[in-house]
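Novice: sequence isn't available, so here's the structure alone:
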Ligand code: LLP
(Lines give C-alpha, C1' and ligand atoms only; values in the text may rest on other atoms or scores of the structure.)
Protein backbone atom coordinates (compact mmCIF):
# COMPACT_ATOMS: atom_id res chain seq x y z
CA UNK A 1 0.00 0.00 0.00
CA UNK A 2 1.42 3.34 -0.99
CA UNK A 3 0.33 4.98 2.28
CA UNK A 4 2.50 7.98 2.84
CA UNK A 5 2.50 11.05 5.05
CA UNK A 6 2.68 14.27 3.02
CA UNK A 7 2.92 17.33 5.29
CA UNK A 8 1.77 15.13 8.20
CA UNK A 9 -1.37 14.11 6.31
CA UNK A 10 -1.76 10.42 5.41
CA UNK A 11 -2.26 9.90 1.68
CA UNK A 12 -2.79 7.03 -0.70
CA UNK A 13 -1.41 7.44 -4.20
CA UNK A 14 -1.00 11.11 -3.30
CA UNK A 15 -4.67 11.63 -2.29
CA UNK A 16 -5.48 12.85 1.22
CA UNK A 17 -7.34 10.31 3.35
CA UNK A 18 -9.07 13.15 5.21
CA UNK A 19 -10.52 14.38 1.94
CA UNK A 20 -11.48 10.90 0.84
CA UNK A 21 -13.32 10.27 4.12
CA UNK A 22 -14.96 13.71 3.93
CA UNK A 23 -16.48 12.49 0.68
CA UNK A 24 -17.27 8.89 1.57
CA UNK A 25 -17.70 8.80 5.37
CA UNK A 26 -16.37 6.31 7.92
CA UNK A 27 -15.80 3.47 8.56
CA UNK A 28 -14.32 3.21 5.11
CA UNK A 29 -12.30 0.54 3.33
CA UNK A 30 -9.79 2.26 1.06
CA UNK A 31 -7.91 0.17 -1.50
CA UNK A 32 -4.87 1.16 -3.48
CA UNK A 33 -5.84 -0.18 -6.87
CA UNK A 34 -2.26 0.09 -8.16
CA UNK A 35 -1.11 -2.21 -5.38
CA UNK A 36 -3.67 -4.90 -6.26
CA UNK A 37 -2.49 -4.79 -9.88
CA UNK A 38 1.13 -4.88 -8.76
CA UNK A 39 0.54 -8.05 -6.73
CA UNK A 40 -1.19 -9.79 -9.64
CA UNK A 41 1.72 -8.89 -11.90
CA UNK A 42 4.26 -10.18 -9.40
CA UNK A 43 2.81 -13.71 -9.53
CA UNK A 44 2.50 -13.57 -13.32
CA UNK A 45 6.10 -12.47 -13.64
CA UNK A 46 7.63 -15.23 -11.55
CA UNK A 47 5.56 -17.97 -13.18
CA UNK A 48 6.03 -16.61 -16.70
CA UNK A 49 9.79 -16.55 -16.09
CA UNK A 50 9.69 -20.25 -15.18
CA UNK A 51 8.52 -21.11 -18.72
CA UNK A 52 5.85 -23.35 -17.21
CA UNK A 53 2.33 -23.48 -18.50
CA UNK A 54 0.52 -21.75 -15.62
CA UNK A 55 -2.42 -19.73 -14.40
CA UNK A 56 -2.91 -17.48 -11.40
CA UNK A 57 -6.38 -17.50 -9.86
CA UNK A 58 -7.51 -15.04 -7.24
CA UNK A 59 -9.24 -16.62 -4.22
CA UNK A 60 -12.29 -14.40 -4.16
CA UNK A 61 -13.14 -15.25 -0.54
CA UNK A 62 -10.44 -12.75 0.50
CA UNK A 63 -12.53 -9.88 -0.87
CA UNK A 64 -14.84 -9.77 -3.83
CA UNK A 65 -16.75 -7.06 -5.64
CA UNK A 66 -17.85 -6.47 -9.21
CA UNK A 67 -15.18 -3.86 -9.89
CA UNK A 68 -12.44 -5.93 -8.32
CA UNK A 69 -13.35 -8.86 -10.55
CA UNK A 70 -13.29 -6.62 -13.62
CA UNK A 71 -9.85 -5.39 -12.59
CA UNK A 72 -8.66 -8.99 -12.15
CA UNK A 73 -9.87 -9.81 -15.62
CA UNK A 74 -7.76 -6.93 -16.96
CA UNK A 75 -4.82 -8.41 -15.09
CA UNK A 76 -5.25 -11.78 -16.79
CA UNK A 77 -6.21 -13.52 -13.57
CA UNK A 78 -8.50 -16.53 -13.19
CA UNK A 79 -10.84 -16.97 -10.27
CA UNK A 80 -11.43 -19.37 -7.40
CA UNK A 81 -14.95 -19.30 -5.97
CA UNK A 82 -16.29 -21.22 -3.04
CA UNK A 83 -20.02 -20.57 -3.06
CA UNK A 84 -22.92 -19.81 -5.34
CA UNK A 85 -22.73 -16.20 -4.13
CA UNK A 86 -19.08 -15.79 -5.12
CA UNK A 87 -19.82 -17.39 -8.49
CA UNK A 88 -22.88 -15.15 -8.96
CA UNK A 89 -20.79 -12.04 -8.24
CA UNK A 90 -18.13 -13.12 -10.73
CA UNK A 91 -20.66 -13.89 -13.46
CA UNK A 92 -22.47 -10.58 -12.89
CA UNK A 93 -19.12 -8.83 -13.26
CA UNK A 94 -18.77 -10.45 -16.67
CA UNK A 95 -16.00 -12.91 -15.78
CA UNK A 96 -15.62 -15.79 -18.21
CA UNK A 97 -17.05 -18.90 -16.46
CA UNK A 98 -14.42 -21.06 -18.14
CA UNK A 99 -11.77 -19.15 -16.16
CA UNK A 100 -13.45 -19.95 -12.84
CA UNK A 101 -13.01 -23.00 -10.63
CA UNK A 102 -15.33 -24.01 -7.86
CA UNK A 103 -14.14 -25.13 -4.42
CA UNK A 104 -15.92 -26.20 -1.26
CA UNK A 105 -16.07 -29.13 1.11
CA UNK A 106 -19.86 -29.23 0.97
CA UNK A 107 -21.14 -27.90 -2.32
CA UNK A 108 -24.89 -28.21 -2.34
CA UNK A 109 -26.74 -29.77 -5.23
CA UNK A 110 -28.16 -26.34 -6.04
CA UNK A 111 -24.64 -24.92 -6.23
CA UNK A 112 -23.43 -27.75 -8.45
CA UNK A 113 -26.36 -27.26 -10.83
CA UNK A 114 -25.74 -23.51 -10.90
CA UNK A 115 -22.03 -24.00 -11.67
CA UNK A 116 -22.77 -26.56 -14.38
CA UNK A 117 -25.42 -24.33 -15.97
CA UNK A 118 -22.95 -21.43 -15.95
CA UNK A 119 -20.39 -23.54 -17.82
CA UNK A 120 -17.76 -23.37 -15.10
CA UNK A 121 -14.18 -24.21 -16.12
CA UNK A 122 -13.37 -26.68 -13.36
CA UNK A 123 -15.01 -28.14 -10.29
CA UNK A 124 -12.67 -29.18 -7.51
CA UNK A 125 -14.11 -32.40 -6.10
CA UNK A 126 -13.75 -32.42 -2.34
CA UNK A 127 -15.54 -35.60 -1.25
CA UNK A 128 -16.21 -39.13 -2.50
CA UNK A 129 -19.95 -38.69 -2.92
CA UNK A 130 -19.52 -35.38 -4.71
CA UNK A 131 -18.49 -37.40 -7.76
CA UNK A 132 -21.98 -38.91 -7.94
CA UNK A 133 -23.65 -35.57 -7.20
CA UNK A 134 -21.84 -33.90 -10.10
CA UNK A 135 -22.29 -36.87 -12.42
CA UNK A 136 -26.06 -37.06 -11.82
CA UNK A 137 -26.51 -33.35 -12.50
CA UNK A 138 -24.22 -33.05 -15.53
CA UNK A 139 -25.53 -33.47 -19.03
CA UNK A 140 -22.18 -33.07 -20.75
CA UNK A 141 -18.57 -33.60 -19.76
CA UNK A 142 -17.17 -31.53 -16.90
CA UNK A 143 -13.51 -31.02 -16.07
CA UNK A 144 -12.60 -31.68 -12.46
CA UNK A 145 -9.65 -31.60 -10.13
CA UNK A 146 -9.56 -33.65 -6.97
CA UNK A 147 -8.77 -31.86 -3.74
CA UNK A 148 -6.24 -34.08 -2.06
CA UNK A 149 -4.89 -33.83 1.42
CA UNK A 150 -1.13 -34.31 1.38
CA UNK A 151 -0.87 -34.53 5.19
CA UNK A 152 1.56 -31.64 5.57
CA UNK A 153 1.60 -29.63 8.78
CA UNK A 154 2.07 -25.88 8.57
CA UNK A 155 3.00 -23.19 11.04
CA UNK A 156 0.01 -20.85 11.21
CA UNK A 157 -3.12 -20.23 13.28
CA UNK A 158 -4.98 -23.50 13.91
CA UNK A 159 -8.15 -22.15 12.23
CA UNK A 160 -6.35 -21.56 8.95
CA UNK A 161 -4.39 -24.84 8.73
CA UNK A 162 -5.87 -27.11 6.08
CA UNK A 163 -3.33 -29.59 4.70
CA UNK A 164 -2.98 -31.76 7.81
CA UNK A 165 -4.36 -35.32 7.88
CA UNK A 166 -7.16 -34.46 10.34
CA UNK A 167 -9.09 -31.94 8.23
CA UNK A 168 -12.55 -31.51 6.78
CA UNK A 169 -10.97 -30.61 3.43
CA UNK A 170 -9.88 -32.95 0.68
CA UNK A 171 -9.14 -36.65 0.45
CA UNK A 172 -6.09 -38.18 2.02
CA UNK A 173 -3.26 -39.48 -0.13
CA UNK A 174 -2.25 -41.71 2.77
CA UNK A 175 -5.38 -43.73 3.49
CA UNK A 176 -6.49 -44.63 -0.03
CA UNK A 177 -9.45 -42.26 -0.23
CA UNK A 178 -7.88 -39.93 -2.81
CA UNK A 179 -7.08 -42.90 -5.05
CA UNK A 180 -10.63 -44.24 -4.64
CA UNK A 181 -12.09 -40.86 -5.62
CA UNK A 182 -9.96 -40.74 -8.76
CA UNK A 183 -11.21 -44.18 -9.75
CA UNK A 184 -14.79 -43.00 -9.20
CA UNK A 185 -14.12 -39.93 -11.33
CA UNK A 186 -12.63 -42.00 -14.14
CA UNK A 187 -15.55 -44.44 -14.05
CA UNK A 188 -18.18 -41.67 -14.01
CA UNK A 189 -20.13 -40.74 -17.14
CA UNK A 190 -19.37 -37.03 -17.24
CA UNK A 191 -16.39 -36.14 -15.05
CA UNK A 192 -13.00 -35.75 -16.71
CA UNK A 193 -10.07 -36.08 -14.31
CA UNK A 194 -7.66 -33.22 -15.01
CA UNK A 195 -5.47 -33.29 -11.94
CA UNK A 196 -5.14 -32.50 -8.27
CA UNK A 197 -5.44 -29.56 -5.95
CA UNK A 198 -4.26 -28.95 -2.39
CA UNK A 199 -4.28 -25.92 -0.14
CA UNK A 200 -2.02 -26.24 2.87
CA UNK A 201 -3.08 -23.29 4.98
CA UNK A 202 -3.09 -19.54 5.02
CA UNK A 203 -0.66 -16.79 6.03
CA UNK A 204 2.38 -19.04 5.41
CA UNK A 205 5.73 -17.32 5.38
CA UNK A 206 8.09 -19.95 3.98
CA UNK A 207 8.31 -22.21 0.98
CA UNK A 208 9.07 -25.37 2.97
CA UNK A 209 5.48 -26.68 3.33
CA UNK A 210 5.02 -26.21 -0.43
CA UNK A 211 8.19 -28.20 -1.12
CA UNK A 212 7.14 -30.92 1.36
CA UNK A 213 3.74 -31.15 -0.28
CA UNK A 214 5.25 -31.45 -3.76
CA UNK A 215 7.45 -34.31 -2.61
CA UNK A 216 4.60 -36.13 -0.91
CA UNK A 217 2.28 -35.65 -3.88
CA UNK A 218 4.80 -36.67 -6.54
CA UNK A 219 5.76 -39.80 -4.57
CA UNK A 220 2.09 -40.70 -4.31
CA UNK A 221 1.33 -40.00 -7.99
CA UNK A 222 4.20 -42.27 -8.93
CA UNK A 223 3.29 -45.10 -6.57
CA UNK A 224 -0.34 -45.05 -7.64
CA UNK A 225 0.46 -44.55 -11.36
CA UNK A 226 -1.72 -41.45 -11.54
CA UNK A 227 -1.23 -39.04 -14.45
CA UNK A 228 -2.18 -35.37 -14.10
CA UNK A 229 -2.48 -32.47 -16.52
CA UNK A 230 -3.03 -29.83 -13.83
CA UNK A 231 -1.38 -29.29 -10.46
CA UNK A 232 -3.11 -26.67 -8.32
CA UNK A 233 -0.93 -25.75 -5.32
CA UNK A 234 -3.52 -23.53 -3.64
CA UNK A 235 -2.89 -20.21 -1.96
CA UNK A 236 -1.73 -19.21 1.50
CA UNK A 237 1.12 -16.82 0.76
CA UNK A 238 1.58 -14.68 3.85
CA UNK A 239 1.57 -10.90 4.18
CA UNK A 240 3.08 -8.43 6.60
CA UNK A 241 0.56 -7.12 9.10
CA UNK A 242 2.98 -5.80 11.70
CA UNK A 243 6.69 -5.42 12.22
CA UNK A 244 8.05 -8.92 12.85
CA UNK A 245 5.80 -10.65 10.33
CA UNK A 246 7.55 -12.27 7.40
CA UNK A 247 5.96 -11.65 4.05
CA UNK A 248 6.06 -14.77 1.82
CA UNK A 249 9.03 -14.15 -0.49
CA UNK A 250 7.14 -14.70 -3.74
CA UNK A 251 9.98 -14.50 -6.25
CA UNK A 252 12.60 -16.48 -4.33
CA UNK A 253 10.15 -19.08 -3.02
CA UNK A 254 8.51 -19.74 -6.37
CA UNK A 255 11.87 -20.09 -8.03
CA UNK A 256 12.69 -22.86 -5.53
CA UNK A 257 9.24 -24.45 -5.67
CA UNK A 258 9.32 -24.59 -9.47
CA UNK A 259 12.86 -25.91 -9.52
CA UNK A 260 11.75 -28.72 -7.21
CA UNK A 261 8.71 -29.38 -9.34
CA UNK A 262 10.92 -29.69 -12.40
CA UNK A 263 13.35 -32.02 -10.69
CA UNK A 264 10.54 -34.21 -9.29
CA UNK A 265 8.96 -34.41 -12.74
CA UNK A 266 12.28 -35.54 -14.09
CA UNK A 267 12.91 -38.06 -11.31
CA UNK A 268 9.48 -39.60 -11.78
CA UNK A 269 9.58 -39.15 -15.57
CA UNK A 270 6.42 -37.12 -15.73
CA UNK A 271 5.60 -34.30 -18.15
CA UNK A 272 5.39 -30.90 -16.47
CA UNK A 273 1.80 -30.14 -15.51
CA UNK A 274 -0.11 -26.89 -15.99
CA UNK A 275 0.54 -25.18 -12.65
CA UNK A 276 -2.25 -23.29 -10.92
CA UNK A 277 -1.93 -21.14 -7.83
CA UNK A 278 -4.70 -19.28 -6.03
CA UNK A 279 -3.51 -16.45 -3.80
CA UNK A 280 -6.16 -14.40 -2.02
CA UNK A 281 -4.75 -12.54 0.96
CA UNK A 282 -1.47 -11.59 -0.71
CA UNK A 283 -3.30 -9.92 -3.60
CA UNK A 284 -5.66 -7.82 -1.49
CA UNK A 285 -4.49 -7.48 2.13
CA UNK A 286 -1.73 -4.91 1.94
CA UNK A 287 -3.67 -2.87 -0.63
CA UNK A 288 -6.42 -2.17 1.92
CA UNK A 289 -6.73 0.22 4.86
CA UNK A 290 -9.71 0.89 7.09
CA UNK A 291 -10.36 4.48 8.15
CA UNK A 292 -12.34 5.03 11.35
CA UNK A 293 -13.36 8.13 13.25
CA UNK A 294 -12.42 8.35 16.89
CA UNK A 295 -15.31 8.72 19.35
CA UNK A 296 -15.20 8.17 23.09
CA UNK A 297 -11.79 8.19 24.76
CA UNK A 298 -11.69 6.79 28.27
CA UNK A 299 -8.76 7.07 30.64
CA UNK A 300 -8.76 4.74 33.61
CA UNK A 301 -6.03 6.26 35.80
CA UNK A 302 -2.99 4.00 36.23
CA UNK A 303 -4.71 1.26 34.27
CA UNK A 304 -5.43 2.01 30.64
CA UNK A 305 -6.74 4.29 27.93
CA UNK A 306 -9.51 3.15 25.61
CA UNK A 307 -9.87 4.82 22.23
CA UNK A 308 -13.18 3.87 20.62
CA UNK A 309 -13.76 3.98 16.89
CA UNK A 310 -17.00 4.02 14.90
CA UNK A 311 -16.78 0.40 13.67
CA UNK A 312 -15.47 -2.75 15.27
CA UNK A 313 -15.86 -6.51 15.08
CA UNK A 314 -18.60 -6.15 12.47
CA UNK A 315 -15.96 -4.94 9.99
CA UNK A 316 -12.82 -6.17 11.78
CA UNK A 317 -13.31 -9.72 13.04
CA UNK A 318 -9.76 -11.00 12.62
CA UNK A 319 -8.53 -9.67 15.95
CA UNK A 320 -11.40 -11.15 18.01
CA UNK A 321 -11.27 -14.38 15.99
CA UNK A 322 -7.56 -15.06 15.52
CA UNK A 323 -5.88 -12.57 17.90
CA UNK A 324 -4.55 -10.96 14.74
CA UNK A 325 -2.41 -7.85 15.22
CA UNK A 326 -2.59 -4.63 13.25
CA UNK A 327 -0.76 -1.37 12.94
CA UNK A 328 -2.97 1.65 13.69
CA UNK A 329 -1.76 5.12 12.73
CA UNK A 330 -3.32 8.60 12.82
CA UNK A 331 -4.47 10.11 9.53
CA UNK A 332 -3.11 13.47 10.75
CA UNK A 333 0.32 13.09 12.30
CA UNK A 334 1.00 15.31 15.30
CA UNK A 335 4.19 15.97 17.20
CA UNK A 336 2.43 15.28 20.52
CA UNK A 337 3.94 12.80 22.99
CA UNK A 338 2.75 9.31 22.17
CA UNK A 339 0.47 7.49 24.60
CA UNK A 340 -0.34 3.83 25.05
CA UNK A 341 -3.94 2.95 24.20
CA UNK A 342 -6.27 0.08 23.41
CA UNK A 343 -8.24 0.75 20.24
CA UNK A 344 -11.67 -0.78 20.56
CA UNK A 345 -14.83 -0.99 18.51
CA UNK A 346 -18.34 0.19 19.39
CA UNK A 347 -20.02 -3.21 19.52
CA UNK A 348 -21.42 -4.71 22.68
CA UNK A 349 -18.60 -7.10 23.52
CA UNK A 350 -15.40 -6.71 25.48
CA UNK A 351 -13.64 -8.79 22.83
CA UNK A 352 -14.41 -6.14 20.22
CA UNK A 353 -10.79 -5.07 19.92
CA UNK A 354 -8.82 -3.62 17.02
CA UNK A 355 -5.52 -3.58 18.87
CA UNK A 356 -4.16 -3.60 22.41
CA UNK A 357 -1.32 -1.51 23.79
CA UNK A 358 -0.85 0.54 20.67
CA UNK A 359 1.12 3.75 20.52
CA UNK A 360 -0.99 6.71 19.40
CA UNK A 361 -0.68 10.48 19.74
CA UNK A 362 -1.42 11.56 23.32
CA UNK A 363 -3.63 14.42 22.11
CA UNK A 364 -5.91 12.18 20.04
CA UNK A 365 -9.49 13.46 20.35
CA UNK A 366 -13.05 12.80 19.25
CA UNK A 367 -13.42 13.35 15.50
CA UNK A 368 -9.81 12.44 14.61
CA UNK A 369 -9.27 9.75 12.01
CA UNK A 370 -7.33 6.52 12.50
CA UNK A 371 -6.06 4.21 9.78
CA UNK A 372 -5.83 0.45 10.38
CA UNK A 373 -3.35 -0.95 7.91
CA UNK A 374 -3.43 -4.20 5.90
CA UNK A 375 -7.16 -4.79 6.07
CA UNK A 376 -7.73 -5.57 2.41
CA UNK A 377 -8.27 -9.31 2.84
CA UNK A 378 -10.80 -11.14 5.01
CA UNK A 379 -12.21 -7.91 6.42
CA UNK A 380 -14.99 -6.71 4.15
CA UNK A 381 -15.64 -10.32 3.12
CA UNK A 382 -16.02 -11.39 6.76
CA UNK A 383 -18.02 -8.32 7.79
CA UNK A 384 -21.38 -8.86 9.44
CA UNK A 385 -24.41 -6.91 10.54
CA UNK A 386 -23.91 -7.78 14.20
CA UNK A 387 -25.57 -5.14 16.38
CA UNK A 388 -27.31 -4.12 13.12
CA UNK A 389 -24.12 -2.34 12.10
CA UNK A 390 -24.11 -1.36 8.45
CA UNK A 391 -21.35 -2.72 6.24
CA UNK A 392 -18.93 0.11 5.37
CA UNK A 393 -18.37 1.54 1.91
CA UNK A 394 -15.37 0.47 -0.17
CA UNK A 395 -13.41 2.84 -2.39
CA UNK A 396 -10.56 2.21 -4.81
CA UNK A 397 -7.87 4.84 -5.30
CA UNK A 398 -5.72 4.93 -8.42
CA UNK A 399 -3.68 7.71 -10.02
CA UNK A 400 -6.88 9.61 -10.88
CA UNK A 401 -8.36 9.64 -7.38
CA UNK A 402 -10.98 7.70 -5.43
CA UNK A 403 -14.19 6.05 -6.61
CA UNK A 404 -16.86 4.02 -4.87
CA UNK A 405 -16.69 0.31 -5.48
CA UNK A 406 -19.26 -0.78 -2.89
CA UNK A 407 -21.72 1.66 -1.33
CA UNK A 408 -22.27 1.79 2.41
CA UNK A 409 -25.25 -0.31 3.43
CA UNK A 410 -28.35 1.69 4.21
CA UNK A 411 -30.59 1.34 7.24
CA UNK A 412 -33.36 0.17 4.91
CA UNK A 413 -31.14 -2.63 3.64
CA UNK A 414 -30.81 -3.89 7.19
CA UNK A 415 -34.51 -4.67 7.28
CA UNK A 416 -35.22 -5.28 3.61
CA UNK A 417 -35.98 -8.96 4.17
CA UNK A 418 -38.11 -8.37 7.26
CA UNK A 419 -41.80 -9.05 6.91
CA UNK A 420 -43.87 -6.25 8.38
N1 LIG B 1 -7.41 -21.76 -1.97
C2 LIG B 1 -8.15 -22.40 -1.07
C3 LIG B 1 -8.70 -23.71 -1.41
C4 LIG B 1 -8.42 -21.82 0.17
O5 LIG B 1 -9.15 -22.49 1.05
C6 LIG B 1 -7.90 -20.54 0.46
C7 LIG B 1 -8.19 -19.89 1.74
C8 LIG B 1 -7.15 -19.89 -0.53
C9 LIG B 1 -6.91 -20.53 -1.73
C10 LIG B 1 -6.59 -18.50 -0.33
O11 LIG B 1 -5.70 -18.45 0.73
P12 LIG B 1 -4.89 -17.08 0.98
O13 LIG B 1 -3.95 -16.90 -0.19
O14 LIG B 1 -5.87 -15.99 1.06
O15 LIG B 1 -4.18 -17.31 2.26
N16 LIG B 1 -10.42 -16.02 7.19
C17 LIG B 1 -9.03 -16.42 7.35
C18 LIG B 1 -8.46 -17.04 6.11
C19 LIG B 1 -9.18 -18.27 5.64
C20 LIG B 1 -8.56 -18.84 4.41
C21 LIG B 1 -9.42 -19.89 3.82
N22 LIG B 1 -8.94 -20.43 2.61
C23 LIG B 1 -8.22 -15.20 7.79
O24 LIG B 1 -8.77 -14.11 7.89
O25 LIG B 1 -7.02 -15.34 8.06
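Specialist: Ah, there it is. In this text, all values refer to a predicted model and were calculated from it rather than measured experimentally. Numbers count the residues shown, from 1 in each chain.
Novice: give the residue spans of this structure that score low on pLDDT.
Specialist: 1, 163 (pLDDT under 70).
Novice: switch to 90 and redo it
Specialist: For the chain, applying pLDDT under 90 flags the ranges 1-2, 51, 151-167, 335-337.
Novice: how about the residues of it that lie near the ligand?
Specialist: Proximity of the chain to the ligand, by Cβ under 6 Å from any ligand atom, involves residues 59, 61-62, 80, 103, 160, 199, 202-203, 234-237, 278-282, 318, 378. In short, each C-beta sits where N, CA and C put it, glycine included.
Novice: which helix or strand contains residue 184?
Specialist: helix 177-187 (DSSP states H and E).
Novice: may I see the buried residues of whatever helix or strand comes next after that helix?
Specialist: Beyond helix 177-187 on the C-terminal side, the first helix or strand identified by DSSP H and E is strand 191-197. Residues 191, 193, 194, 195, 196, 197 are the ones in strand 191-197 that count as buried (16 or more other Cβ atoms under 10 Å).
Novice: and the helix or strand just after strand 191-197 with strand 191-197, angle?
Specialist: With elements assigned by DSSP H and E, the helix or strand that comes after strand 191-197 is helix 208-223. Between helix 208-223 and strand 191-197, the angle comes out at 140 degrees (axes from the mean of the first three to the mean of the last three Cα atoms, to 10 degrees).
Novice: go through helix 208-223 and flag the buried ones.
Specialist: So, applying 16+ other Cβ under 10 Å, buried residues of helix 208-223: 209, 210, 211, 212, 213, 214, 216, 217, 218, 220, 221.
Novice: of the residues you listed, closest to residue 383?
Specialist: Checking these against residue 383 with Cβ to Cβ, the nearest one is residue 209 at 29.6 Å.
Novice: any idea how far that closest one lies from the ligand?
Specialist: 12 Å (Cβ to the nearest ligand atom, to the nearest Å).
Novice: skipping its backbone neighbours, what lies nearest residue 257 in space?
Specialist: In this structure, residue 257 finds its nearest non-sequential neighbour in residue 210, 5.1 Å apart by Cβ to Cβ, 6 or more residues apart in numbering.
Novice: what residues does the one you found make contact with?
Specialist: Counting by Cβ atoms under 8 Å, 6 or more residues apart in numbering, residue 210 touches 200, 204, 233, 253, 257.
Novice: residue 66 now?
Specialist: Contacts of residue 66 (Cβ under 8 Å, 6+ apart): 89, 92, 93, 405.
Novice: at 6 Å what do you get?
Specialist: Counting by Cβ atoms under 6 Å, 6 or more residues apart in numbering, residue 66 makes contact with residue 93.
Novice: phi, psi for it please.
Specialist: For residue 66, the backbone dihedrals (degrees, to the nearest 10) come out as phi -60, psi -50.
Novice: now render the buried residues of helix 208-223 as CSV, adding distance to residue 353.
Specialist: Putting the buried residues of helix 208-223 into CSV (distance: Cβ to Cβ, whole Å) gives the following:
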residue, distance to residue 353
209, 30
210, 33
211, 37
212, 35
213, 35
214, 39
216, 39
217, 40
218, 44
220, 43
221, 46
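Novice: quick check, nearest of the residues you listed to residue 153?
Specialist: Of the buried residues of helix 208-223, the one sitting nearest to residue 153 (Cβ to Cβ) turns out to be residue 209, at 7.7 Å.
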